[in-house]
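Colleague: structure for this input, please:
(one chain, ligands or ions: 1)
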Amino acid sequence: MKMFVYSLREYDERKYFDDICGELGVEYESTDVVPTVDNISLADGFDVINIITCPIDEERIIRLKEAGVKLIMSRTVGTDHIDKEAAARYGISVMNISYSPAAVADYAIMLMLMGLRKLKYIAIRTIGRDYGLEGRLGREMHECTVGLYGGGYIGKTVAKELSGFGCKTLICDRHPDEETKKYAEYVDEDRLFAESDIISLHVSGTQENFHMIGREEFAKMKDGVMIINTARGLLIDTPAMIEAIESGKIGFAGLDVIENEKGMYYFDHEDRILTNKDFSILNGYPNVMVLPHMGFYTESAVRDMVVNSVIAANDYFSKGENE
Ligand code: COI
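Modeller: The predicted structure is shown next:
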């Protein structure tokens with residue numbers, strides 16, 4: 001099996017690719033850039049491309065087919081960046097991997113704590129040497145009800161980690177899990193919205209979930225609710241969220257992801273004009289923490305992304321897809 005890796009980061013991924021590919025005898029080449037229609041020729045003659053969250057649309061899929069690629073391996077949990085129907089039409093398989101769920105779970109809880117302790121506002125004021133207390137009064141986690149929307153492996157990990165804080169945890173998921181019942185109460189969407197002081201999203205970025213949180217849903221939530229999104233930007237209707245922040249319905253938003261973030265995050269834009277207006281608006285509010293989609297970014301998760309993606313691709317070719 002020959003693998004071509006896109007968006008490979010020298011500073012944290014290279015050593016893991018070298019080690020696992022060496023161990024399994026997988027031949028690989030790489031580039032640090034994302035796949036474009038023009039550079040897919042780099043993958044000519046390779047069986048698999050290994051990517052992160054760069055868009056793979058039908059045009060790129062046609063080029064991949066011409067290049068002889070049989071598998072698109074995304075070293076990510078989400079696959080919303082890939083046109084999977086087009087891949088199926090052209091007979092190219094798509095796979096993803098999982099990695100340490102604590103990476104994103106820890107990050108979601110960090111954002112909750114930042115919101116409870118008004119950390120963005122405090123950090124901004126501290127840079128200007130304003131060490132006053134007024135306007136910085138915080139709240140404690142154990143006094144809160146936290147609602148987790150989504151009980152997949154990340155949502156479940158958040159529930160378990162939160163149990164140490166002594167808060168009440170609600171979770172909304174169609175597939176209740178016995179172990180998670182020890183840490184959280186399974187409820188329906190309406191109860192989650194009505195009772196939670198903090199709502200954290202842990203569902204995937206499918207078309208079915210597009211704008212699952214909008215005007216109607218915000219109206220069902222408590223005034224001053226905290227919204228945490230470490231999953232996908234498309235889950236929230238951004239203009240509706242901006243309205244809810246301006247009206248005070250949302251007291252704090254911790255957003256590791258926003259709509260239309262592709263092409264913006266993971267690059268240095270210091271000397272460029274950013275055109276994502278929603279990003280600029282959201283980033284300007286003192287009670288909104290916008291972070292560049294880094295929940296996944298821990299040593300363990302990065303190692304898992306590389307190692308698990310190479311093992312899964314190797315198994316796909318050596319054992320067959322369904323074994
Ligand atoms: C995923 O694994 O789905 C992520 O969101 C992380 C990715 C941006 C590297």
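Colleague: identify the bridge partners of S74.
Modeller: Beta bridges link S74 to I51, judged by DSSP bridges.
Colleague: check what pLDDT it gets.
Modeller: At S74, the model reports a pLDDT of 98.
Colleague: what residues does it make contact with?
Modeller: Going by CB atoms under 8 Å, 6 or more residues apart in numbering, S74 touches N50, I51, I52, T53, H81, I82, V94, M95, N96, I97, S309. All C-beta atoms are positioned from the backbone trio N, CA, C, and that covers glycine.
Colleague: that one and D106: what is the separation?
Modeller: 22 Å (CB to CB, to the nearest Å).
Colleague: which among the contacts of S74 end up buried?
Modeller: Buried by 16 or more other CB atoms under 10 Å: N50, I51, I52, T53, H81, I82, V94, M95, N96, I97, S309, out of those.
Colleague: what about the strands in the stretch 101-250 of the chain?
Modeller: Taking DSSP state E, counting those that start in this stretch as the test, the strands found in the stretch 101-250 of the chain are 145-149, 168-172, 185-186, 198-201, 225-229, 250-255.
Colleague: go through those and name the closest to the ligand.
Modeller: The closest of these to the ligand is strand 225-229. By CB to the nearest ligand atom, the value is 11.4 Å.
Colleague: what are the pairing partners of that closest one, and which direction each?
Modeller: strand 198-201 (parallel), strand 250-255 (parallel).
Colleague: so which of those is the most surrounded?
Modeller: strand 198-201 (a mean of 26; mean count of other CB atoms under 10 Å).
Colleague: just the buried ones among the contacts of S74: which are in strands?
Modeller: Judged by DSSP state E, strands contain the following of the buried ones among the contacts of S74: N50, I51, V94, M95.
Colleague: and of those residues, the nearest to P286?
Modeller: I51 (36.5 Å; CB to CB).
Colleague: so, low pLDDT: which residues of the stretch 151-300 of the chain?
Modeller: Along the stretch 151-300 of the chain, the model assigns pLDDT under 70 to no residue.
Colleague: in the stretch 201-323 of the chain, what residue is nearest the ligand?
Modeller: For the stretch 201-323 of the chain, CB to the nearest ligand atom, closest residue to the ligand: F296, 3.9 Å.
Colleague: shouldn't that residue be in contact with I97?
Modeller: No. Taking contacts as CB atoms under 8 Å, F296 lies outside contact range of I97: 11.2 Å.
Colleague: tell me, what's touching those two both at once?
Modeller: T76, V77, M305.
Colleague: just to revisit the earlier point, among the contacts of S74, find the lowest-pLDDT one for me.
Modeller: T53 (92).
Colleague: flag every residue of this structure that's near the ligand.
Modeller: I52, T53, T76, V77, G78, H293, F296 (CB under 6 Å from any ligand atom).
Colleague: can you count the residues close to the third one?
Modeller: Other residues near T76 number 19, with proximity taken as other CB atoms under 10 Å.
Colleague: tally of neighbours for G78?
Modeller: For G78, using other CB under 10 Å, the count is 16.
Colleague: can you pull the contacts of it?
Modeller: G78 touches T53, N96, S204, G205, R232, counting by CB under 8 Å, 6+ apart.
Colleague: let's see which of those residues end up in helices.
Modeller: In helices, judged by DSSP state H, none of the contacts of G78 are found.
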